[in-house]
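[1] model the structure of this input:
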Amino acid sequence: MNPQPIRRWDRETALLAWLAACASTFSFLFYFHRGDVLLYGDAVAHINIARRVFDSRTPGLLQLGTVWLPLPHLLMIPFLLSDRMWKTGVGGSIPSMAAYVFGTLGVFRLLRGALGFYQTDSTVRIAAWGAAIIYAANPNLIYLQATAMTESLYLALFIWAVVYFNEFAQKAEHFGDSPDVRVGSSSLIKCGICLAAACLTRYDAWLLVAAMCAASFWVVAIAKRRGPGASVRKFVLLAAAAPVLWLAYNAIVYRNPLEFANGPYSAKAIEQRTPGASHPGSHDLPVAFSYFVKCAELNQASGNWQKLWVFLALAGTLVCLIAGRGRERNYRLIQSPVRRQLWPLLLLWIPLPFYVLSVAYSGVPIFMPVWWPFSYYNVRYGLELLPAFAIFPALAIYLMADLARSRAVKLALAGATLVFVAASYASIWRDPVCFREAWVNSRTRIALERELADFVRALPPDSTLLMYLGNHVGALQQAGIPVRRVINEGNHRTWKQPVDLEGLWERALANPARYADFVIAFDGDAVSTGVQKDDLFPLAVIHVSGQPKATVYQTHPHAR
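    Take a look at the predicted model:
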């Protein structure tokens with residue numbers, strides 16, 4: 001008689017969900033009380049992209065723009081209908097907080113399902129809880145999930161895609177043509193849904209799609225069964241639909257399917273426009289690899305603790321590679337995994353080649369305070385390896401506990417692991433590198449936006465502003481000025497290349513007195529270089545060190 005499979009939602013899962021929700025809420029309240037939710041300029045931008053879909057002079061889905069994928073913005077929209085939730089940034093944090101909880105549950109289910117396919121013992125449960133704690137307690141993730149950044153959402157989708165793929169692979173291996181094949185096929189379809197959502201969240205998932213599609217065909221070929229074949233085809237179509245949809249959107253709207261990759265606002269184009277912008281790892285794969293791995297280490301711990309995380313992660317990876325290659329009667333290395341393959345867990349390393357290639361060839365720099373140029377930029381990318389650092393060390397510890405026959409040794413091993421995780425996170429708890437990155441890069445920007453917000457807040461409430469929103473939209477958010485009062489670069493038809501001569505944006509630049517009451521120009525932006533200033537009357541000049549000078553003009557000097 002076959003043992004009953006573990007239930008997908010039991011008391012342990014419910015308890016973990018409650019603990020993760022509490023951690024998410026308390027950490028959000030902590031950072032919100034300190035005013036740290038909107039430190040990241042990208043978080044402010046994400047919130048306002050979502051807001052302008054319905055709050056704009058030209059509302060609609062085309063306000064989502066390009067470069068950044070649309071799903072995070074679409075999920076924020078319901079929460080940003082409230083002016084207060086938009087102004088405070090709370091509306092952008094809610095999807096990230098929910099994703100944090102689901103990501104924690106996904107890590108728990110992934111390792112518990114991989115080690116205990118039918119039923120779990122105490123060692124498996126401890127390993128699963130350990131992995132979940134490593135993930136949920138990471139100080140950098142705890143900060144990012146309190147903001148409108150996309151990391152928390154993507155990690156949750158990434159983890160659950162691997163969860164469902166692993167369940168599909170296990171079912172295909174163990175049950176063949178039995179009725180449980182339908183369960184495995186269902187898991188594969190769920191994996192495809194998670195992948196499609198991930199592909200509309202971050203470009204990291206596009207490489208994951210290619211890897212999982214290839215792996216799904218491998219699973220079917222190894223199983224030598226017909227059952228999963230149709231589901232694999234559906235899975236491939238479902239997973240590939242999101243990238244194809246985004247390419248089609250860019251082709252139709254921007255007349256360039258790769259507008260997000262090589263358009264004027266892409267990372268590559270920004271790097272090319274910046275004099276002397278070559279970064280470490282550019283066209284150098286070994287250096288790019290070193291920078292990304294070091295970045296991931298900084299997100300886990302400081303000092304010598306970092307190398308131990310890497311060692312344990314590599315040890316867990318070795319377990320995945322050797323599990324299931326022998327027979328139980330002559331292969332005593334691993335008790336539980338010997339009956340199944342653990343290789344689907346290796347998909348958690350996909351961010352490594354993606355970001356190494358991005359740093360080397362896509363104009364994506366990573367600057368860290370410990371290596372040249374000794375600054376902060378994109379340090380948060382290292383957090384993409386957090387699922388791997390949660391699963392593989394826990395798997396390595398599980399192996400050592402499984403080999404230990406003494407209960408005392410097992411308890412000592414569990415205690416040592418807890419101390420190691422606590423010490424590692426304590427070393428970065430007071431100053432997580434992602435929080436430091438946001439704080440360092442936001443000081444002058446927030447100072448400028450605060451001064452500008454104080455000024456424009458006093459303008460007549462029925463006045464119209466002309467302003468480029470790409471850099472300092474946070475000033476309007478702080479002042480509580482609806483985007484529909486502002487003529488901006490989003491108010492034109494993007495498919496009219498290279499410019500829309502009849503668009504509201506271009507007409508307002510050519511004749512600001514006709515369309516706007518006030519003009520806000522930052523040195524070097526599209527308004528400063530493109531607007532006709534002959535008849536404009538300067539009202540104020542705001543200058544903050546490290547930021548471009550902002551000038552507020554009035555188009556009708558004799559108006560009230």
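[2] what distance separates stretch 136-144 from the centre of its chain?
    13 Å (C-alpha atoms, centre = their mean, to the nearest Å).
[3] ok, stretch 458-468 next?
    How far stretch 458-468 lies from its chain's middle: 34 Å, per C-alpha atoms, centre = their mean.
[4] and that stretch, how far apart are its ends?
    End-to-end distance for stretch 458-468: 20 Å, by C-alpha to C-alpha, to the nearest Å.
[5] for it, buried residues please.
    Residues of stretch 458-468 classed as buried: 459, 463-468 (neighbour count, 16 or more other C-beta atoms under 10 Å). For glycine as for every other residue, the C-beta is placed from the backbone atoms N, C-alpha and C.
[6] residue ranges for the helices of the stretch 1-150 of the chain, please.
    Ranges of helices within the stretch 1-150 of the chain are 11-33, 41-51, 71-80, 83-88, 90-115, 122-136, 139-144, based on DSSP state H, counting those that start in this stretch.
[7] residue 480 is nearest to which of these?
    Shortest separation from residue 480 across the helices of the stretch 1-150 of the chain is recorded for helix 83-88, at 5.3 Å, computed as C-beta to C-beta.
[8] what about the residue sitting nearest the centre point of the chain, distance to residue 300?
    Nearest to the mean C-alpha position of the chain, by C-alpha atoms, centre = their mean, lies residue 151 at 2.1 Å. Distance of residue 151 to residue 300, given as C-beta to C-beta, to the nearest Å: 15 Å.
[9] same check on residue 539?
    Applying C-beta to C-beta, the value for residue 539 to residue 300 is 50 Å.
[10] show me what counts as buried in the helix or strand bottoming out on mean pLDDT in the chain.
    Using mean pLDDT, DSSP states H and E, the weakest-scoring helix or strand in the chain turns out to be helix 267-273, at a mean of 76. In terms of neighbour count (16+ other C-beta under 10 Å), helix 267-273 has its buried residues at 267, 271.
[11] who does that helix touch, helix- and strand-wise?
    Using 3 or more C-beta pairs under 8 Å, 6 or more residues apart in numbering; DSSP states H and E, the elements in contact with helix 267-273 are helix 259-262.
[12] can you show me the CA trace of the helix it packs on as CSV?
    Output of helix 259-262 as CSV, limited to C-alpha atoms (Å, rounded to 0.1, in the frame of the first residue of the first chain):
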residue,chain,number,x,y,z
GLU,A,259,12.7,48.7,-28.1
PHE,A,260,13.1,47.6,-24.5
ALA,A,261,16.6,46.3,-25.3
ASN,A,262,18.1,48.8,-27.7
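[13] now do the contacts for residue 487.
    Applying C-beta atoms under 8 Å, 6 or more residues apart in numbering to residue 487 gives the contacts 57, 464-467, 504-505, 508, 515-516.
[14] now do residue 457
    Here residue 457 is in contact with 479-481 (criterion: C-beta under 8 Å, 6+ apart).
[15] by neighbours, which of those residues wins?
    Within those, most neighbours by other C-beta atoms under 10 Å means residue 481, with 20 neighbours.
[16] what segments of the stretch 451-560 of the chain are strands?
    Per DSSP state E, counting those that start in this stretch, the stretch 451-560 of the chain carries strands over the ranges 465-467, 486-487, 518-522, 537-542, 550-554.
[17] quick one: the third one to chain centroid distance?
    By that I understand strand 518-522. 33 Å.
[18] what pairs with it, parallel or antiparallel?
    Using DSSP bridges, strand 518-522 pairs in its sheet with strand 465-467 (parallel), strand 550-554 (antiparallel).
[19] okay, the ones you listed in CSV with distance to residue 129 and mean pLDDT next?
    Formatted as CSV, these follow (distance: least, C-beta to C-beta, whole Å; pLDDT from 0 to 100):
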stretch, distance to residue 129, mean pLDDT
strand 465-467, 51, 97
strand 550-554, 51, 95
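[20] distance to residue 220 added to those, as TSV?
    Shown next, in TSV, are these (distance: least, C-beta to C-beta, whole Å):
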stretch	distance to residue 220
strand 465-467	55
strand 550-554	59
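[21] re earlier: for the buried residues of stretch 458-468, which one is nearest residue 247?
    Nearest to residue 247 out of the buried residues of stretch 458-468 is residue 468 (C-beta to C-beta; 27.5 Å).
[22] next up, phi/psi of that closest one, please.
    Phi and psi for residue 468, reported as degrees, to the nearest 10, are phi -80, psi 120.
[23] can you pull the contacts of the residue nearest to residue 24 when sequence neighbours are not counted?
    Excluding the flanking residues, the one nearest residue 24 by C-beta to C-beta, 6 or more residues apart in numbering is residue 97, at 4.5 Å. Applying C-beta under 8 Å, 6+ apart, one finds that residue 97 lies in contact with 24-25, 28, 145-146, 152.
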